Structures are given as structure tokens and as C-alpha cells.
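Visitor: this one's structure only:
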DNA sequence: TTAACGCGGAGTGATACAGTCCGCGTTATG
DNA sequence: CATAACGCGGACTGTATCACTCCGCGTTAA
Ligand code: FES
Ligand code: FES
């Protein structure tokens, strides 16, 4: 698809719900079902965020995720690299050394340093990455919060907390023996 | 592979040889064999550059390509878009409307306008594209020319002209009846 | 007439993305 | 102490794109 994949969209949308500590410590399944995305797919994304130090994981029933740092210190670039692994914008094939007039033995001046075309692509990648580095989870959260009514975050936090509490309480979901 | 593909690398490296009119009007096969890349693959790239008005094609034997504009008016962004077709950096899946608390009927405030995360990606894409738009064929040619010895462009132009002339002249390549 | 050109369409193998399934060790609850 | 839900990792599937090939068509100078 695109260079920045759906994994990143899923990841950031989830992280936004972890900004407010009132959400508790939801599991990846909680966050997936809250947002109507695949739980098994989201479960492959969060370990990467954990290894990058963006999120902290808690084991066992009652386990889940919370931010490992203040949201103002988590940049979008950090998240993208954590999930996609610093994928380059352009991969040079080193065409320049294969010129027919070199006869399979390119001189040093043709292969040392970075090709002029490659350099242009690296500058474009740098511009993109600097733009992503300027945005943080906190700055996005502020924009999103401005758009939604005040009742919305409260409603979602209620949904999440209810789910987390329902994990081990008696009548949570459809039991085989009924209510 | 990467977001900006090998097609673009091939395309720009070829266009650089068209900057100097002394190269004549080489065919895509000429340019491919000069640079050790696949002729049939390069033949799929040039029609796109022609439709974008970057290059002019000439039909028939003795045909080939030449720049359609001065190299200072051909930006790298133009070339990338001509070859790849304005591929977006990020494709939003519109997660925001699928929140469980909406119950399959998202309100207007949740789906109008651009999502805050999508907006961040669009700004990054804009930064990348503006960086690419600042570079032209002429600016890259100047950098490349500075690196190579003066004899190199002359040598390549000789190689190209000889090939073009050899297309229909008598003893050009291994003929069935020999010299 | 021939040979090389540009152009378009169909097809191939490899890779990556989106998504699934399973089993492992961990941990509150009952 | 058994259970159920958790995080984690590996193997797996289907589809789309990329790099590349092959073919046939109409065009044009020798
Ligand atoms: S050799 Fe890769 S961009 Fe020039
Ligand atoms: S819904 Fe696609 S980025 Fe938010």
C-alpha cells in the first residue's frame, strides 16, 4: 500500500486512548474492539511499541498497556520507526557504477560517496522525518480533543474501565449457563 | 521495496543523459544498455515521462527521446509523479468512525474533515514533496558534472552517437554474413 | 521490404502487507 | 490449585505491488 502503513494508523489511534490515565490499563483486545479493528493484528503491533520504550506492558489477567513516557515526549517519528523499523524512502540500486564505458570496472570517482540523485531522495526523507518528529502524542491529542464533545472521552473511558472490570467479575459476557 | 521505487532511479539517471543535446536522440534501449539496466523494463518507464510532457518521443527507426522542456524547468517531483502517479505517503483507513461507543452510527463531528493523525501524515508528505520540488534536472546535473572528470560526458556522448549512427549503417554489429 | 523504433497489454516470480491461528509462560480470581 | 485472560512469539494465508519479460501493433528511415 503506502509507505506509512495501516499498522501506524492503528497504533497511534490506540496510543491516543492511553494518554489519559483515566482509561486505566486496557489490553490490546480492548483497544481493538473499541475501535473495530482486528485484535490479532493489533496484538502484533504493541510488542514493537513496548520494545521501543513507548509503552509498558503488564502480564497476566488484569494485564494491559500504559504509556511508558509522558505523551509530550513521544514523537510520531518515534512511533513510526518503532512499528516499521526505519524503512528508507528510497533504496539506491547503484546504477552509476554499471555504465558501459566503464567496462565492468568503475573508477573510484564514480562509486565513492552518495550519488547526486540518492542525495536528493535523502534530503526529501529528512524533510519528511523532521516533520514527523515535530508532532507528539500530546499535540495530536490536543487537536482531537478540540473536535469531539466533552462527553466523548468520558464515554470511552467508561467503556474501557467497564471492560477491564468485567474480565473476572461474575456476569460480564454471555456465560454458557446464562444469567 | 521502498516508496520511491527503482523506476524513478532508472528514469532520472536516463534523463540526466538527455540534458546535453550533444547526446543526440537515444532510444530507451540505448540508454538501458549504456547503464546496464533492463531494456524492456526501461521501455515501460519512458511512455510515462512522455505523457507527463517531460520528454518527447520520435517514432520509427532513428527515433528516440529528447527532453521536452529545459532541464531547469523539470523538477524531481514532476518526474516522481509522472512515473509513480502521485502515490500517497499514507492511506487513511478511517478508523475513527468505527468506535464501539458510536454503535455503527458515527456522528458527523467524528467523520467530517481530516483526522488529526491523517493531517500529521499529510504535512509530512507535503514537506517531502516540497523538498523534491526544489530540485530540478539541471541542479542534479550540475552536482554530478562536478564530480566526474571532463572527459567522461564526452566519452558517453560518443558512445551514444556511435550507437545511434550504427542503427542503419552497414557494418555496425555482428552481421550474419560477416565483414 | 526490412529493421529498429515507440507503445500497449498480458504474464511471471519475489516480496511485503493485512490478517489469522496456535502454543507458550504469566498472573489475579474463585 | 484450576481457570481464564493476559502478553509474546512463530507459522501461516491471501492479496497487492514491484521488477521484469514477452508479445504484437503501427510508424519510419534505409
Ligand atoms: S546510483 Fe542510485 S541514485 Fe544514482
Ligand atoms: S481515521 Fe485514519 S488516521 Fe485517523
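Guide: Perfect, I can see it now. Quick caveat, the model's predicted, so the values are computed rather than measured. Ligands and ions are numbered 1, 2, ... in the order given.

Visitor: Is DNA strand D within reach of the one helix or strand residue A:128 maps to?
Guide: Residue A:128 is located in helix A:116-133, with elements delineated by DSSP states H and E. No - counting by C-beta under 7 Å from any atom of the strand, DNA strand D has no neighbours in helix A:116-133; the shortest distance is 12.7 Å. Just so you know, the C-beta spots here come from the backbone N, C-alpha and C atoms, and that holds for glycine as well.

Visitor: Which strands or helices does that helix pack on?
Guide: Packing partners of helix A:116-133 (3 or more C-beta pairs under 8 Å, 6 or more residues apart in numbering or on different chains; DSSP states H and E): helix A:76-84, helix B:6-18, helix B:116-133, helix B:137-147.

Visitor: For residue B:79, which of those is the nearest?
Guide: Ranking the helices and strands packed on helix A:116-133 by proximity to residue B:79 (C-beta to C-beta) places helix B:6-18 first, at 5.9 Å.

Visitor: does ligand 1 sit close to that closest one?
Guide: Yes - for helix B:6-18, a contact with ligand 1 is found by C-beta under 6 Å from any ligand atom, at B:9, B:13.

Visitor: which residues does the residue in chain A that ligand 2 sits nearest to contact?
Guide: As assessed by C-beta to the nearest ligand atom, ligand 2 sits closest to residue A:9 within chain A, at 4.7 Å. Neighbour list for residue A:9: B:90, B:92-93, B:95, B:117 [criterion: C-beta atoms under 8 Å, 6 or more residues apart in numbering or on different chains].

Visitor: Would you list the buried entries among the residues you listed?
Guide: B:90, B:92-93, B:95, B:117 (16 or more other C-beta atoms under 10 Å in any protein chain shown).

Visitor: For those residues, please prepare TSV with the additional fields distance to residue A:121, pLDDT and secondary structure.
Guide: Listed next are these as TSV, based on distance: C-beta to C-beta, whole Å; pLDDT from 0 to 100; DSSP: H, G, I helix; E, B strand; the rest coil:
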residue	distance to residue A:121	pLDDT	secondary structure
B:90	18	98	strand
B:92	25	97	coil
B:93	27	97	coil
B:95	30	96	helix
B:117	25	98	helix
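
Visitor: from the residues you listed, which single one is nearest chain A?
Guide: Nearest to chain A among these is residue B:90, at 4.2 Å by C-beta to the nearest C-beta.

Visitor: Appreciated, that's everything.
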